[in-house]
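> Here is the input, now give the coordinates:
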Amino acid sequence: MSIDQLQSNTVIHIPGLGAVRGKRDEQVPVVRFLNIPFATASKRWRPGTPVEGWKGIRDATKQGFSPPQGYRNPPLGVLLTGLEDHQYEDWFNEKDCLNLNIYAPDESVLGSIGEPLPVMVWIYGGAYRLGGTHTPLYDATNFVAASIERKKPVIVVAPNYRTNFFGFMASRELKEDINNDPTLTGEQRAVGNWGLQDQKQAFLWVRDHISAFKGNNRDITAFGESAGAVSIAYHMMIPAHHGLFEKAILQSGGLLTLPTQDIENQAQASFDRLCSHMGIPKEMPSREKMELLRAVPAKSIADYVQSNWSVTFGPTIDEVLIDGRVQAWIEDSSRLDPGVKRVLIGMNRDEGTMFAPPAGQLGCQWSDIRARYGAASELDLLDRLYDQPGDGDPNALAHANTRIMTDMLFHAPILSFASMLCKVDRIDTSVYFFDCHVDRLEKFQPGLGASHALDMLYLFDSLPCRNLLSEDETKLGKELRNIWFELATSKTPSPDILPVVRRLWEDGQGAADTSVIIFRRDFTVGRIHVNWITKETFDYWMRFYDYQAERMDRGDYSQGFSRS
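Sure, this is the predicted structure:
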């Protein structure tokens, strides 16, 4: 490796690609290399084309484009997006969005280390509808600096991947379009899973090129939150995506959080709505539909996604990469990547507060919630599990709905994947539970609690986070990072820091045989048993997802658990 020191810049020559100039941080011994392309989205709804290289020294000191998505800010606002004062075209570009950022210790640190460094690859969340490395929260400069201070230095790589209709659209028309393309072979014939394929290309880029940055391409930890965690779970279960990483950290996401969609019904319905919005007749021949959709400006599609939150996205059952519903996968541990040896998986106590409307905006009654989430034979059980708020108390009703969102979308799906991992002896599985709020956000939005995505404020220690966290919260963030570093860097992690869990419940009802890591409300780290969701509640939601799969396989896409 040839490294030239040029004032505050660092030039690294990547064999087979070219040179990149990064920039040292002024406060900590970390170099940022931004906007390094790993692929080009040269054609809409096709796999990315790997980058062949460039001439001269590429400027890697400025943030690159992110994938097309809605422009307006999600619930955590500017902290998550940083887009408030920018034009859409400044940040989003369909063709040139497949780039990655690298955060690495600078030469003053590398010079004293005799072996390549562990690599952590960050996969962002956003429900597969938004997200990108432009997000200020995901700046890993201080995260890497903390690893250096801990004497467990790591390199962080953060790639973009396509989301919403650009990364996860599927339909009969699109499947026909791909089947009629003679240039496509093998995995290229996958339908509706380009976002996952983008991630795979980024991991392969890391395998091929991270050694130029003093990274160990055989010591890779995938870590991600929400849809990022879900993506990591999919990679672990899709045979064609095995071997991308050796260790994994899944924050607030399991397979059932964003389960597979089928082409014929779920994905087709979203495709038809998009065509209708764009004025494309339903009866038009498939080829003409696809030609017209490819001609629609990316921003127009992104604006439609932004204004239609009822449109959902997820990996597609395409019989190329994904052969069936994930409800069956969680019963089959033989699908797990044999190369993965260590996993940390966990959740926040109040995941649902970001998604469940408050009392004054709920817009439904307990009877409506019962009809949607209760099996006819188990309505009394649903009443008991969620304290039967009835239709007269809006606050109690909103609280029950929030608990249902938490258990159904997060706690049960995450624990279902964790339960499978715990039973596999070759994988050392640790489980955590995050139970801390952010005081300043709690004052701004009372009741937010340990909401979905809140743990990332503690984890990354980026500048926006430092402006929000109190002294005690900052100390807890340090403890959280230390656990992440322990998993990523230690050849034999300390059981006191990362206790291995082999089962979550004993005899169907008891506590976990090994305690679970908890980040407590008093800003300390300790151990608990699995007591925030009962085995009875967990089993209820597993039956719910099984029924959903059976119902969809019958072509029944009406709302509800069971109305019979």
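
> now the helices for the stretch 101-250 of the chain?
Along the stretch 101-250 of the chain, the segments classed as helices by DSSP state H, counting those that start in this stretch run 107-110, 141-149, 164-168, 172-179, 194-209, 227-237.

> okay, which residue is most central for the chain?
The centroid of the chain falls nearest to residue 228 when counting by CA atoms, centre = their mean (1.3 Å).

> Roughly how far does that one sit from residue 250?
For residue 228, the distance to residue 250 (CB to CB, to the nearest Å) stands at 8 Å. Backbone N, C-alpha and C define where each C-beta goes, glycine included.

> which sections of the stretch 251-400 of the chain are below the confidence cut-off?
Scanning the stretch 251-400 of the chain for pLDDT under 70 picks out 359.

> quick one, strands of it?
For the stretch 251-400 of the chain, applying DSSP state E, counting those that start in this stretch gives strands covering 261-262, 316-317, 342-348.

> Which strand residues bridge the residue nearest to the residue nearest to the centre of the chain when sequence neighbours are not counted?
In space, residue 228 comes closest to residue 123 once its chain neighbours are excluded; the distance is 3.6 Å by CB to CB, 6 or more residues apart in numbering. Going by DSSP bridges, residue 123 is paired in beta bridges with residue 224.

> Run a quick check on the residue nearest to the centre of the chain versus residue 125, I expect a contact.
Yes: Residue 228 lies in contact with residue 125 (CB atoms under 8 Å); the separation is 4.6 Å.

> Quickly list what's touching both of these two.
Common contacts of residue 228 and residue 125 (CB atoms under 8 Å, 6 or more residues apart in numbering): 131, 253.

> mind checking pLDDT for residue 97?
Listed pLDDT for residue 97 reads 97.

> Name the helix or strand for it, please.
Using DSSP states H and E, residue 97 maps to neither a helix nor a strand.

> Am I right that it is in contact with residue 42?
No: the pair residue 97 / residue 42 is not scored as a contact, 11.7 Å apart, by CB under 8 Å.

> So for the two, which residue has more residues nearby?
The residue with more neighbours, out of residue 97 and residue 42, is residue 97; 29 against 13, by other CB atoms under 10 Å.

> what's near enough to touch the more buried one?
Each residue near residue 97 by CB under 8 Å, 6+ apart is listed here: 41, 64-68, 132, 160, 162.

> How about it: what's its closest non-neighbour residue?
Per CB to CB, 6+ apart, closest to residue 97 is residue 67, 4.3 Å.

> How much space separates the residue nearest to residue 461 when sequence neighbours are not counted from residue 112?
Spatial nearest neighbour of residue 461, chain neighbours left out: residue 142 (4.1 Å); criterion: CB to CB, 6+ apart. Using CB to CB, residue 142 is found at 21 Å from residue 112.

> which one of those two has more residues nearby?
Shown here are residue 142 and residue 112; by other CB under 10 Å, residue 142 has more neighbours (22 against 9).

> Tell me the pLDDT of that one.
Looking at residue 142, its pLDDT is 97.

> Count the neighbours of residue 108 for me.
Other residues near residue 108 come to 10 when the count uses other CB under 10 Å.

> which residues does it contact?
residue 29.

> now the helices: where do they sit in the stretch 351-500 of the chain?
Along the stretch 351-500 of the chain, counting by DSSP H, counting those that start in this stretch, helices occupy 366-373, 379-385, 394-406, 412-422, 439-444, 454-460, 463-466, 471-489.

> Can you lay out those as JSON lines showing distance to residue 237?
Shown next, in JSON lines, are the helices of the stretch 351-500 of the chain (distance: least, CB to CB, whole Å):
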{"stretch": "helix 366-373", "distance to residue 237": "26"}
{"stretch": "helix 379-385", "distance to residue 237": "29"}
{"stretch": "helix 394-406", "distance to residue 237": "24"}
{"stretch": "helix 412-422", "distance to residue 237": "9"}
{"stretch": "helix 439-444", "distance to residue 237": "34"}
{"stretch": "helix 454-460", "distance to residue 237": "24"}
{"stretch": "helix 463-466", "distance to residue 237": "32"}
{"stretch": "helix 471-489", "distance to residue 237": "20"}
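
> of all those, which lies closest to residue 213?
Closest to residue 213 of the helices of the stretch 351-500 of the chain is helix 471-489 (CB to CB; 15.7 Å).

> Who are the packing partners of that closest one?
strand 117-123, helix 141-149, strand 215-225, strand 247-251, strand 342-348, helix 454-460, strand 516-519, strand 525-528 (3 or more CB pairs under 8 Å, 6 or more residues apart in numbering; DSSP states H and E).

> go with 7 Å
strand 117-123, helix 141-149, strand 215-225, strand 247-251, helix 454-460, strand 516-519 (3 or more CB pairs under 7 Å, 6 or more residues apart in numbering; DSSP states H and E).

> Turn those into a markdown table, including distance to residue 397.
Output for the helices and strands packed on helix 471-489, formatted as a markdown table (distance: least, CB to CB, whole Å):
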| stretch | distance to residue 397 |
| --- | --- |
| strand 117-123 | 35 |
| helix 141-149 | 40 |
| strand 215-225 | 29 |
| strand 247-251 | 29 |
| helix 454-460 | 24 |
| strand 516-519 | 29 |
